[in-house]
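Student: Let me see the structure of the following:
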Amino acid sequence: MKNNKIARSIGGIDNEFIERAAPRTKAVRKRTAWIKWGMPAAACAAVYMFFMLAIPGLLNNPITNPNGDGQTVTAPGNNGHGGTLPEPSQNNTMYTLTLNKADSLMPSRILIPGHFWYSLTESQLEAVLPNLSEIFPGGVEATANYSGDGLLFDVVIHELSADGNIAVYNQFYGLTVIRIARGSIAEDVIYNNPEPVTSEVRGVDVTAGMFDYGQDNTAMYHASFMIGDIAYKISLHDSATGERGINRLTGLVNAIISNGAADLSVLDNPVIPELRNERLSLAEAYSDPDFGVYLPNNVPSRFNFESAQRFINQDYNGLSVLWTDGLNSFDWRVSKATSDDFKRIVSPAEHEKYDMSLYSIPLFESVPEELREYVHGPVFRADEITLEVIQARVIQGRQGRDGGQMYFSVLFDGIIININAVGVSPEQIWDMLGELKSLI
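Tutor: Numbers count the residues shown, from 1 in each chain. Okay, the predicted model is just below:
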């Protein structure tokens, strides 16, 4: 997902989307090269979320290489993804894996202080994952994640499909994701058996597992191991039945271990970009030289100031202010507009792209897929938005004290205001925006 899309989700994407999507991860970004920016991070919070899902439990009967001949396993993949994995060594021995069964998943949430990131160059990728082009013929999207002091946190690698998008299985599930880090990777697998069965692959102990989602005939296959002091975690999705998933996992583990440990030194000493993550008082927020003038001065009196934050990273430069009144809230975020924002501009005449009265809850089912990006994040030009447009954004059946829930964005030249309100009337929001007409 684009950083801006995830940023919008924090600010107001419909809960129906979040609930139906978890723990799936649908890749929506277009990629035109196999080494591109790949940061699944929330741009307006210093939080990096890895949905690398855990696998507890144990399968009684280990699954072995069905070929039974010691030859290299072919990973057929899905929809053209995957391919014939390289021979794991100078001989053709394929080490098999014991698969530990999972009973539940536990998504992990990781905070990286001062988080920033860079995409890997082709030479860096070759050092981190040797013979990468043989393992993933369609290429990958690889990102090195750092803490604010410039120390490498980890590397995250997503397999790409032939069209340059992050490869997915069964429309929603990330096909293959690899994480690599020095020393260790926080364990996100909880096994019922405190000592899960491990497999030995060329002297390396590997813990592998599988979780059956119980729907869509989809399972997640998982493996973790250490090569020297370098930790690896692999997750991939495939059919919950048959042997293709374990074959793909077995071939991938064998190929990585045979090629040797990653050389992460090529990622040391990065250029640290401008970073800011600072709490502000309300007075400091209004005094911000970049965005303070875009804050409303006539917030309904019953709302109390809750918090303000000034945040800058590689993708986001903005100011957010939150007011609350019990369960009602009013979130006003001002930032520099991105190319993603400009792509979501909607004309008031395009009712199908923003009018919530046309759709029913759950919105995930009622909004056509080709319109979801607009309906769940419409951007209106400041000189085109009207009171009627704001009234059309109210989500029916979700009422606060003075109004329902609504979220949308308003573009003032290169500055965008993201509004997420519960219990504020359309007329009140219209009055607050009216103050800013002089900025057009």
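
Student: tell me the contacts of N297?
Tutor: Counting by C-beta atoms under 8 Å, 6 or more residues apart in numbering, N297 makes contact with 432, 435. (C-beta placed from N, C-alpha, C; glycine too.)

Student: for it, phi and psi?
Tutor: phi -100, psi -10 (degrees, to the nearest 10).

Student: can you start the count at 24 instead of 1 from here on
Tutor: Right, with 24 as the first residue, what we last looked at is N320.

Student: gap between it and E458?
Tutor: Distance, N320 to E458, using C-beta to C-beta, to the nearest Å: 6 Å.

Student: cool, G237 as well?
Tutor: 52 Å.

Student: isn't E301 right next to Q332, touching?
Tutor: Yes - contact criterion C-beta atoms under 8 Å: E301 and Q332 qualify, at 7.0 Å.

Student: What ranges does the stretch 74-223 of the chain have for its strands?
Tutor: 122-124, 131-133, 139-142, 163-169, 175-182, 191-192, 196-197, 199-205, 222-224 (DSSP state E, counting those that start in this stretch).

Student: hang on, I meant the stretch 224-373 of the chain
Tutor: Secondary structure of the stretch 224-373 of the chain by DSSP E, counting those that start in this stretch: the strands cover 227-235, 241-250, 253-262, 299-302, 327-335, 340-348, 351-359.

Student: Report all helices and strands that the third one contacts.
Tutor: Here strand 253-262 is seen to pack against strand 191-192, strand 196-197, strand 199-205, strand 241-250, helix 267-282 when contacts are counted using 3 or more C-beta pairs under 8 Å, 6 or more residues apart in numbering; DSSP states H and E.

Student: tell me the angle that strand makes with strand 227-235.
Tutor: Counting by axes from the mean of the first three to the mean of the last three C-alpha atoms, to 10 degrees, strand 253-262 lies at 30 degrees to strand 227-235.

Student: contacts for strand 253-262?
Tutor: So strand 253-262 is in contact with 75-76, 101, 192-193, 196-208, 240-249, 267-268, 271-272, 275-276, 279, 284-285, 287, going by C-beta under 8 Å, 6+ apart.

Student: buried set for that strand?
Tutor: The neighbour-count criterion (16 or more other C-beta atoms under 10 Å) identifies 253-261 as the buried residues of strand 253-262.

Student: Quick check: beta-bridge partners of V163?
Tutor: Beta-bridge pairing for V163 (DSSP bridges): E182.

Student: what about it, distance to R225?
Tutor: The gap separating V163 from R225 is 23 Å, by C-beta to C-beta.

Student: Look at these two and report which has more neighbours.
Tutor: Comparing V163 with R225 by other C-beta atoms under 10 Å, the one with more neighbours is V163, at 26 against 15.

Student: Tally up the residues packed near E375, please.
Tutor: By other C-beta under 10 Å, the residues close to E375 number 13.

Student: Run through the helices of this protein in chain order.
Tutor: 26-35, 38-44, 145-151, 155-158, 267-282, 305-309, 362-366, 386-389, 395-398, 410-415, 449-457 (DSSP state H).

Student: F176 is nearest to which of those helices?
Tutor: helix 145-151 (13.9 Å; C-beta to C-beta).

Student: who does the closest one touch, helix- and strand-wise?
Tutor: Using 3+ C-beta pairs under 8 Å, 6+ apart: helix 145-151 touches strand 163-169.

Student: Can you show me the CA trace of the strand it packs on as PDB?
Tutor: Extracted C-alpha coordinates of strand 163-169, given in PDB (Å, rounded to 0.1, in the frame of the first residue of the first chain):
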ATOM      1  CA  VAL A 163      11.100  -7.900  -5.700                       C
ATOM      2  CA  GLU A 164      10.300  -4.700  -3.800                       C
ATOM      3  CA  ALA A 165      12.900  -4.400  -1.000                       C
ATOM      4  CA  THR A 166      13.200  -1.800   1.800                       C
ATOM      5  CA  ALA A 167      15.800  -1.200   4.400                       C
ATOM      6  CA  ASN A 168      14.200   0.200   7.600                       C
ATOM      7  CA  TYR A 169      16.200   2.400  10.000                       C
END
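
Student: before we move on, the earlier item: ok, E301 and Q332, which is more surrounded?
Tutor: Q332 (19 against 11).

Student: Roughly how far does the nearest residue to the more buried one once chain neighbours are set aside sit from F139?
Tutor: Closest residue in space to Q332, ignoring its immediate chain neighbours: S343 at 5.2 Å, by C-beta to C-beta, 6 or more residues apart in numbering. Distance, S343 to F139, by C-beta to C-beta: 19 Å.

Student: swap in G427?
Tutor: 38 Å.

Student: Now D291. Nearest residue, chain neighbours left out?
Tutor: Leaving out its chain neighbours, the residue that sits closest to D291 by C-beta to C-beta, 6+ apart is L175, at 6.7 Å.

Student: From Y169, how far off is the one you found?
Tutor: Counting by C-beta to C-beta, the gap from L175 to Y169 is 6 Å.

Student: try G315
Tutor: G315 is 30 Å from Y169, where distance means C-beta to C-beta.

Student: Tell me which of those two has more neighbours.
Tutor: Y169 (21 against 16).

Student: hang on, isn't the more buried one packed against V178?
Tutor: No - counting by C-beta under 8 Å, Y169 does not reach V178; the two are 10.5 Å apart.

Student: got TSV for the helices and strands packed on strand 253-262, with mean neighbour count, mean pLDDT and distance to A372 too?
Tutor: Compiled in TSV, the helices and strands packed on strand 253-262 are given as follows (neighbours: other C-beta atoms under 10 Å; pLDDT from 0 to 100; distance: least, C-beta to C-beta, whole Å):
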stretch	mean neighbour count	mean pLDDT	distance to A372
strand 191-192	22	90	34
strand 196-197	24	86	37
strand 199-205	22	96	42
strand 241-250	22	94	41
helix 267-282	24	94	48
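
Student: Which one, of those, ends up nearest to D126?
Tutor: Closest to D126 of these is strand 241-250 (C-beta to C-beta; 12.8 Å).

Student: any idea how far the closest one is from the chain center?
Tutor: Remark: strand 241-250 is offset 19 Å from the chain centroid, using C-alpha atoms, centre = their mean, to the nearest Å.

Student: Can you name every helix or strand that it contacts?
Tutor: Strand 241-250 sits against strand 227-235, strand 253-262, helix 267-282, with contacts defined as 3+ C-beta pairs under 8 Å, 6+ apart.

Student: how about a markdown table for the ones you listed, with distance to I133 added?
Tutor: A markdown table is the format used below for these (distance: least, C-beta to C-beta, whole Å):
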| stretch | distance to I133 |
| --- | --- |
| strand 227-235 | 20 |
| strand 253-262 | 12 |
| helix 267-282 | 22 |
